[in-house]
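Provide a 3D model corresponding to the input given below.
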Amino acid sequence: MPNTGNSLASLAERMRAKTEQDRQELEALTRQQFNALSESLRQSSTAALRTTEAAIQEKLGKLEESIASRCQTLSWAFGKRWLQALLLSMALLMGTALGGWGVVTLITNRVLALQGEIQSLNASKAELENTVGQLEKRTWGLKLLENQDGRFIILPPKTSAHTGWTVGKQQAVKLE
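Reported below is the predicted structural model:
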């Protein structure tokens, strides 16, 4: 009988050792899979950030070109307007001396032309603001930040990120 007790104790000890070995192997495998998932998520996030950043940079480049072109046009137009104002003043003085009704017609036409140009500039401004609004809408309020700690995607207020999602065969982060 004592032999049976030793073999039961030995069997129990072997079972504990085997259980501990299995637990350690499972922990190592879980840690390895977690590390692989973490790296995959990091790569997916980096790729998404680069894609978003490239789209924003492209839109900003186009917007900058448009604004620069408008500024150049406005600069030329204001210089031209100053000269026109000077000439108009001289014409007004001459028109007053000669009778003035032709000058009034000229001024009216110039005012109408300037009003049309102001409306055109307002439409251009609205179009640029719409483009910025569409860009913000297209990025869902996400903001990009790069500092000494690295690159970050800043989520809109009251939004949380959930990992473990896939889109096609790529890892994804779901925003809620």
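
Flag every buried residue along the lowest-mean-pLDDT helix or strand in the chain.
The helix or strand of the chain with the poorest confidence is strand 170-175; it has a mean of 80 (mean pLDDT, DSSP states H and E). The neighbour-count check on strand 170-175 (16 or more other Cβ atoms under 10 Å) flags 171-173 as buried. Glycine gets a C-beta too; all of them are placed from N, C-alpha and C.

Pipe these into JSON lines and attach distance to Lys137 per row.
Compiled in JSON lines, these are given as follows (distance: Cβ to Cβ, whole Å):
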{"residue": "Gln171", "distance to Lys137": "25"}
{"residue": "Ala172", "distance to Lys137": "20"}
{"residue": "Val173", "distance to Lys137": "19"}
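
Next secondary structure element downstream of the longest helix seen in the chain?
The single longest helix within the chain, with elements called by DSSP state H, is helix 2-98. Downstream of helix 2-98, the next assigned helix or strand under DSSP states H and E is helix 101-138.

For that next one, name the packing helices and strands.
helix 2-98 (3 or more Cβ pairs under 8 Å, 6 or more residues apart in numbering; DSSP states H and E).

Adjacent strands (with direction) for the least confident helix or strand of the chain?
Within its sheet, strand 170-175 is paired with strand 161-167 (antiparallel), according to DSSP bridges.

got the angle for the strand it pairs with vs helix 2-98?
90 degrees (axes from the mean of the first three to the mean of the last three Cα atoms, to 10 degrees).

Let's test this: mean pLDDT of strand 161-167, rounded?
Averaging pLDDT along strand 161-167 gives 85.

if we look at it, which residues are touching it?
Contacts to strand 161-167, defined as Cβ atoms under 8 Å, 6 or more residues apart in numbering, come from residues 37, 41, 155, 171-176.

farthest pair in those?
Leu37 and Leu155 (20.6 Å; Cβ to Cβ).

Mind checking which of those two has more residues around it?
Leu155 (16 against 13; other Cβ atoms under 10 Å).

Who are the contact partners of the more buried one?
141-142, 161, 175.

Any of these buried? List them.
Buried, going by 16+ other Cβ under 10 Å: Leu142, out of the contacts of Leu155.

For the contacts of Leu155, could you give me JSON lines that also reports distance to Gly61?
Below are those laid out as JSON lines (distance: Cβ to Cβ, whole Å):
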{"residue": "Gly141", "distance to Gly61": "21"}
{"residue": "Leu142", "distance to Gly61": "19"}
{"residue": "Ala161", "distance to Gly61": "29"}
{"residue": "Leu175", "distance to Gly61": "27"}
